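S.K.: 3D, please:
(one chain, ligands or ions: 2)
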Amino acid sequence: VTSAVTMKGTMTEEQGENEGLSQAEQKKESIQEVRRSLPVFPFREDLLAAIQQHQILIIEGETGSGKTTQIPQYLIEAGYTKGGAKIGCTQPRRVAAMSVAARVAEEVGVKLGNEVGYSIRFEDCTSERTILKYMTDGMLLREFLTEPDLATYSVVIIDEAHERTLHTDILFGLIKDIARFRSDLKVLVASATLDTERFSCFFDDAPVFRIPGRRFPVDIFYTKAPEADYLEACVVSVLQIHVTQPTGDVLVFLTGQEEIEACCELLQERCRRLGSKISELLVLPIYANLPSDMQAKIFNPTPPGARKVVVATNIAETSLTIDGIIYVIDPGFCKQKSYNARTGMESLIVTPCSRASANQRAGRAGRVAAGKCFRLYTAWAFKHEMEESTVPEIQRTNLGNVVLLLKSLGINDLIHFDFMDPPPHETLVLALEQLYALGALNHLGELTKCSEEVLTIAAMLSVNNSIFYRPKDKVVHADNARMNFVVPGGDHLVLLNVYTQWVESGYSTQWCYENFIQFRSMKRARDVRDQLEGLMERIEVEVVSSPEDSTPIRKAVTAGYFYHTARLSKGGYKTVKHQQTVYVHPNSSLFDEQPRWLIYHELVFTTKEFMRQVIEIDSSWLLEVAPHYYKNKELEDSSSKKMPRKQGKSKEELG
Ligand code: ADP
Ligand code: MG
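M.R.: Ligands and ions are numbered 1, 2, ... in the order given. Model (predicted):
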């Protein structure tokens, strides 16, 4: 089979014939030529037929066979995006999502971010026109929040499924679920040649489509004894290859940015010292945080006479394909998250990689010609010290964030969630416990988000003090009406109660009149609320209600107004930071209550310094929401009992 590289070579020879074509046309033709040379190409029609026939299809193919870059293009060409439907393709790694999107945009001949785009955390490179979206698996997970049935997608491709990242595993469960009621949705699960039977099994025996590999033999060499310093061993091995072996590029697998940078520096320094005694060695790093223009360099063809060394994290194991690699150096390590549910500690540690990983790495040497893989460990270690395959991330990570996300998707019963490999029971329980302790879940294990209520409160506060109508001739009636709205906790909650009842009345004018509520102010609050809700939608903050318990609401107010805290001490309230004497406004629902700690919305001076709109809080929340502002000592309670009431209720003081 002809490889992409040799096809490019052929193109150069043929340039004479293409003289009639413009440069752009030539480039286009050469791209199409490369596309046709990929292993997946002969299976284009069969693959499309299989996708047509089955809702869920597992696609297995050697790295570099064209799964990620070609299949979405076939789908577009076959009409899957007609009428603006989208194809989504997930990648476990940011770098892969960006780089693959850039490549495909180029192949399709569009500007990146238009028809072809990518979306990764903190960077959305898509537009209204985007029909093919590469994204991290975490981003697709987030999209479930705004679009639980992924209605705008016609095809979802879970790529690099064999990586079994936490997010990919969660996606499996969610997608399997929505596929049941979205019969028009096509689901493709793409994987390197690993584990595909398990995917098929999980997806109710979905068929597996195998793209036959194109692999040249790879000779594997082990060290005789373990290496004490694998970084140094890598550097020496690269130089040895460079000096003794025929042309062909080198790929080195290290565990992270620091190691990679150190290795690159060492290589460059030694090359400088050797000077003209050796031919040119191009040293190129690739890791997640590398700026994208630097990342792109690894794909540039190596100039004749030179040799390229790519020093990579395991991103180059399957996510990215670099043409021209003949030699692989594998120290046998990777950085892995591990989690101890007993101590609650999560750590990132350098551990031996799995045999499956090691074999993937070796495979990178045999894509374009027979290659060599130098394993910097012993054959014995490969057999006895390495795990068969990598443990899925879900089984070795803190699940706090995932539990929160699933809960916000309305999935409450996590114990019975359809996991391909369930996380350890104790990890799940610990995550729930921690979230409960943080106040993120209530005693029923439900999410305590309260954006709905806080939205109303914010709107009501914005029309402050003009809600309640108190005509001079009906003071008693008005005050009684007002008392009827009182709920425990404070004035913010009273305002919420008023608004809720008004909504229930159908925004009635009559209701306002009967309850001594000013209709005009309510209408204004409603407008403000609508506007705020629109803003929240725009920044994708969900509007979620927490009806049974006011704690999350009061905590939310505390988070926003922690600097407006007053404490009851010796006969009255003092602000916490400035020890200023302040008074609860006689109109407040907490006037008689005198809670030890409260937060005020505003301070107004009439006859005294009055706190208007107060809400009762727990002092411990202050440390939780504003540890940068409060010290433990400031919040110690001097008295354990409520102070006797000193303030008299006199409306005359209001001024
Ligand atoms: P798979 O997903 O099956 O591993 P890909 O679709 O990623 O395969 O890659 C297919 C081919 O596309 C590769 O062999 C390579 O020649 C080419 N390719 C992929 N990404 C790039 C890139 N960023 N720059 C240049 N060529 C690329
Ligand atoms: Mg791929």
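S.K.: pLDDT weak spots in the stretch 151-300 of the chain?
M.R.: Applying pLDDT under 70 to the stretch 151-300 of the chain flags no residue at all.
S.K.: the helices in the stretch 351-500 of the chain, which residues?
M.R.: 355-363, 379-384, 400-408, 425-437, 451-462, 475-483, 491-504 (DSSP state H, counting those that start in this stretch).
S.K.: Please name whichever of those helices is nearest to ligand 1.
M.R.: helix 355-363 (10.7 Å; Cβ to the nearest ligand atom). Bear in mind the C-beta positions are built from the backbone N, C-alpha and C, glycine included.
S.K.: can that closest one be found next to ligand 2?
M.R.: No. Figure legend: helix 355-363 not in contact with ligand 2 (Cβ under 5 Å from the ion); closest approach 12.0 Å.
S.K.: Please enumerate residues in contact with that helix?
M.R.: With contact meaning Cβ atoms under 8 Å, 6 or more residues apart in numbering, helix 355-363 is reached by 62-63, 192, 194, 215, 218, 220, 253, 314, 317-318, 328, 330, 332, 334, 353, 373, 375, 382, 386-390.
S.K.: where are the low-confidence patches of the chain?
M.R.: 1-20, 342-344, 438-439, 464, 538-541, 637-655.
S.K.: Any residues of it in contact with ligand 1? List them.
M.R.: Residues of the chain lying near ligand 1 by Cβ under 6 Å from any ligand atom: 4, 38, 61, 63-70, 99-100, 103, 299, 321, 323.
S.K.: which ones among those are found in strands?
M.R.: residue 61 (DSSP state E).
S.K.: Which helix runs longest in this structure?
M.R.: Selection of the longest helix in the chain by residue count, based on DSSP state H, yields helix 519-538.
S.K.: so how far is residue 553 from the nearest residue to residue 435 once chain neighbours are set aside?
M.R.: In this structure, residue 435 finds its nearest non-sequential neighbour in residue 441, 4.5 Å apart by Cβ to Cβ, 6 or more residues apart in numbering. Applying Cβ to Cβ, to the nearest Å, the value for residue 441 to residue 553 is 15 Å.
S.K.: Looking at these two, which has the bigger crowd around it?
M.R.: residue 553 (24 against 21; other Cβ atoms under 10 Å).
S.K.: Tell me the secondary structure of the more buried one, please.
M.R.: Using DSSP: H, G, I helix; E, B strand; the rest coil, the three-state assignment for residue 553 comes out as helix.
S.K.: Next up, the contacts around it.
M.R.: 450, 453, 454, 457, 489, 492, 493, 496, 546.
S.K.: Which of these has the largest number of neighbours?
M.R.: residue 492 (29 neighbours).
S.K.: Hmm, the residue nearest to residue 435 is touching residue 431, no?
M.R.: No. Using Cβ atoms under 8 Å, residue 441 is not in contact with residue 431, being 9.7 Å away.
S.K.: Residue of the stretch 351-500 of the chain nearest ligand 1, please.
M.R.: For the stretch 351-500 of the chain, Cβ to the nearest ligand atom, closest residue to ligand 1: residue 367, 7.1 Å.
S.K.: Quick check: that residue vs residue 191, distance?
M.R.: Distance from residue 367 to residue 191, by Cβ to Cβ: 17 Å.
S.K.: same thing with residue 133?
M.R.: Distance from residue 133 to residue 191, by Cβ to Cβ: 20 Å.
S.K.: Residue 230 too?
M.R.: 29 Å.
S.K.: Also residue 583?
M.R.: In terms of Cβ to Cβ, residue 583 sits 68 Å off from residue 191.
S.K.: What of residue 310?
M.R.: 23 Å.
S.K.: Please list the residues of this structure that sit near ligand 2.
M.R.: 67, 68.
S.K.: From the centre of the chain, give me the residue that's furthest out.
M.R.: In terms of distance from the mean C-alpha position of the chain, residue 473 ranks first, at 59.7 Å (Cα atoms, centre = their mean).
S.K.: Neighbour count for residue 133 and residue 191, which is higher?
M.R.: residue 133 (26 against 23).
S.K.: Could you check how many residues crowd around residue 212?
M.R.: Neighbour tally, residue 212, other Cβ under 10 Å: 14.
S.K.: quick one: contacts for it?
M.R.: residue 39.
S.K.: ok, now residue 564?
M.R.: By Cβ under 8 Å, 6+ apart, the neighbours of residue 564 are 575, 599, 600, 601, 602, 603.
S.K.: Is it correct that residue 402 is in contact with residue 170?
M.R.: Yes. With contact defined as Cβ under 8 Å, residue 402 and residue 170 form a contacting pair (6.0 Å).
S.K.: Neighbour count: those two, which is higher?
M.R.: residue 170 (25 against 21).
S.K.: My guess is that one contacts residue 140. True?
M.R.: No. In terms of Cβ under 8 Å, residue 170 does not count as a neighbour of residue 140; the distance is 9.8 Å.
S.K.: Spatially nearest residue to the closest residue to ligand 1 within the stretch 301-450 of the chain, not counting backbone neighbours?
M.R.: Nearest residue of the stretch 301-450 of the chain to ligand 1 (Cβ to the nearest ligand atom) works out as residue 321 at 3.9 Å. Sequence neighbours aside, residue 64 is the residue nearest to residue 321 in space, at 3.9 Å (criterion: Cβ to Cβ, 6+ apart).
S.K.: residues touching the spatially most central residue of the chain, list them.
M.R.: Residue closest to the average C-alpha location in the chain (Cα atoms, centre = their mean): residue 138, at 3.8 Å. By Cβ under 8 Å, 6+ apart, the contact set of residue 138 is 121, 167.
S.K.: Could you tell me the angle between whichever helix or strand it is part of and helix 400-408?
M.R.: Using DSSP states H and E, residue 138 falls within helix 137-146. Relative orientation of helix 137-146 versus helix 400-408 (axes from the mean of the first three to the mean of the last three Cα atoms, to 10 degrees): 30 degrees.
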